[in-house]
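# Pasted the sequence and its predicted model underneath.
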Amino acid sequence: MIRLHRRSFVIGAAAIATSPALSQGREKARIGVLPTMGAGPMYLAKANGHFAAEGLDVEITKFDNAQTLAVSLAAGELEFGATSLAVGFYNLAAQGVMRIIAAQARDNPGFPNNGLVASNEAWEKGLRAFRDIKGKSVGVSTLGSAPHYCIGLIADKYGFPMSSVDVQTLKTNPNIVATIAANRIDAVITPNTFALSIDRNKQGKLIGWVGDEAAWQLGAAYTSTKIADGRREFVNRFVRAYKRGMVDYADAFIGADGKRRDGATADATLAILSKDLDQPAELLRAGVAYVDREARLRSEEHTSELQSLAYLVC
């Protein structure tokens with residue numbers, strides 16, 4: 001069983017930038033994301049002109065899982081990624097290939113992000129709570145993925161070994177949906193848009209959100225070490241634009257107290273994201289993930305090392 005740990009190999013010193021880039025023609029920036037609300041700030045940074053204002057011509061590509069995204073970035077097929085931090089990223093970072101540059105989504109109380117969904121059959125047999133996954137089969141996209149790490153958090157909280165859970169890899173989120181709907185597995189952990197869709201279509205039963213059980217820094221924006229070291233101003237411009245997208249997202253969905261609350265721009269923002277994520281606006285409204293409006297990494301027991309490793313533009 002793979003167990004994820006946050007290591008101090010991710011990155012070096014912080015970079016500070018204070019003024020916008022003056023572009024003379026836009027520079028191409030290819031970005032990989034997963035089709036979840038955690039990618040919302042990236043799409044908003046594009047739609048609201050923040051990347052263009054920094055002289056960047058961005059192309060956003062959707063991936064089925066975080067592992068494939070990290071490998072594609074390492075291969076030079078992307079300049080940036082923004083998604084959950086999976087074992088593929090950590091293995092590459094251990095080799096000095098990857099660097100974190102900003103935060104992405106968190107599993108946070110009051111915000112649906114990664115959801116535990118029981119099959120209809122398992123629900124009828126009594127799988128009704130997080131603690132009930134002990135001794136059950138639970139599907140995730142890949143080993144070492146964020147949902148896989150979530151199983152570890154649940155096991156730690158309720159005092160049972162991860163080895164007591166039959167973790168099954170289902171490769172993609174569409175396959176997760178098909179598997180749970182056919183009652184071929186007891187439960188799955190999957191991002192909010194898929195968890196909500198399964199529940200609303202009566203293909204399974206939503207038990208709850210991991211963020212309400214164990215908050216943690218789910219994702220980050222990152223780039224290759226080669227780009228971080230060799231194209232510092234390019235990275236600075238990207239992060240400035242991305243952080244403005246974070247502010248737009250927070251203004252739309254997160255109150256000043258950090259709690260879920262629709263702002264004046266919520267409907268317009270949902271219209272943008274509905275088109276980009278190919279999901280109904282009301283489904284997205286029910287699945288708003290938490291982000292820090294300043295793109296800061298959460299500093300807590302299992303993520304404290306990440307806070308001091310961030311290559312943030314302030």
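Arrived safely.

# What's the local residue count around Gly25?
The number of residues packed around Gly25, counting by other Cβ atoms under 10 Å, is 6. Heads up, the C-betas are built off the backbone N, CA and C, glycines and all.

# For Ile185, see how far away the spatially closest residue to it that is not a sequence neighbour is.
In space, Gly25 comes closest to Gly55 once its chain neighbours are excluded; the distance is 7.3 Å by Cβ to Cβ, 6 or more residues apart in numbering. Going from Gly55 to Ile185 by Cβ to Cβ, to the nearest Å gives 47 Å.

# Which one of these two is surrounded by more residues?
Between Gly55 and Ile185, Ile185 has the larger neighbour count (other Cβ under 10 Å), namely 22 against 18.

# just for the stretch 1-150 of the chain, where's the confidence low?
Across the stretch 1-150 of the chain, the ranges flagged by pLDDT under 70 are 1-24.

# Which residue ranges of it form strands?
Counting by DSSP state E, counting those that start in this stretch, the stretch 1-150 of the chain has strands at residues 27-33, 56-62, 80-84, 98-103, 105-106, 114-118, 137-140.

# Which one, of these, ends up nearest to Arg131?
Nearest to Arg131, of all the strands of the stretch 1-150 of the chain, is strand 114-118, at 10.7 Å by Cβ to Cβ.

# Who are the packing partners of that closest one?
Judged by 3 or more Cβ pairs under 8 Å, 6 or more residues apart in numbering; DSSP states H and E, the packing partners of strand 114-118 are helix 146-158, strand 187-191, helix 192-200, strand 205-209, helix 210-213.

# most packed of these?
Ranked by mean neighbour count, the helices and strands packed on strand 114-118 are led by strand 187-191 with a mean of 27 (mean count of other Cβ atoms under 10 Å).

# Direction included, what does it pair up with?
In the sheet, strand 187-191 lines up against strand 114-118 (antiparallel), strand 137-140 (parallel) (DSSP bridges).

# will you turn these into a markdown table that also has distance to Val210?
A markdown table is the format used below for the strands paired with strand 187-191 (distance: least, Cβ to Cβ, whole Å):
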| stretch | distance to Val210 |
| --- | --- |
| strand 114-118 | 4 |
| strand 137-140 | 12 |
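
# Just say which of the ones you listed is most tucked in.
Here the criterion is mean neighbour count by mean count of other Cβ under 10 Å, and of those the winner is strand 114-118, at a mean of 27.

# tell me the angle of that strand relative to helix 192-200?
30 degrees (axes from the mean of the first three to the mean of the last three Cα atoms, to 10 degrees).

# buried residues in stretch 80-100?
80-93, 98-100 (16 or more other Cβ atoms under 10 Å).

# rewinding a little: among the helices and strands packed on strand 114-118, where is the model least confident on average?
Looking at these, the lowest mean pLDDT belongs to helix 192-200 (a mean of 91).

# May I have that helix as PDB, with CA atoms only?
Only the C-alpha atoms of helix 192-200 are listed here, as PDB (Å, rounded to 0.1, in the frame of the first residue of the first chain):
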ATOM      1  CA  ASN A 192     -17.500  16.800  -5.900                       C
ATOM      2  CA  THR A 193     -19.000  17.100  -9.400                       C
ATOM      3  CA  PHE A 194     -18.900  13.400  -9.900                       C
ATOM      4  CA  ALA A 195     -20.000  12.600  -6.300                       C
ATOM      5  CA  LEU A 196     -23.000  15.000  -6.600                       C
ATOM      6  CA  SER A 197     -23.900  13.600 -10.000                       C
ATOM      7  CA  ILE A 198     -23.900  10.000  -8.800                       C
ATOM      8  CA  ASP A 199     -26.200  11.000  -5.900                       C
ATOM      9  CA  ARG A 200     -28.600  13.100  -7.900                       C
END
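
# contact partners of that helix?
Residues outside helix 192-200 that contact it (Cβ atoms under 8 Å, 6 or more residues apart in numbering) are 35-37, 112-117, 173, 176-177, 180-181, 190, 203-206, 209, 277, 279, 283-284, 286-287, 289.

# Give me the phi and psi angles of Ile227.
Backbone torsions of Ile227, given as degrees, to the nearest 10, read phi -70, psi -40.
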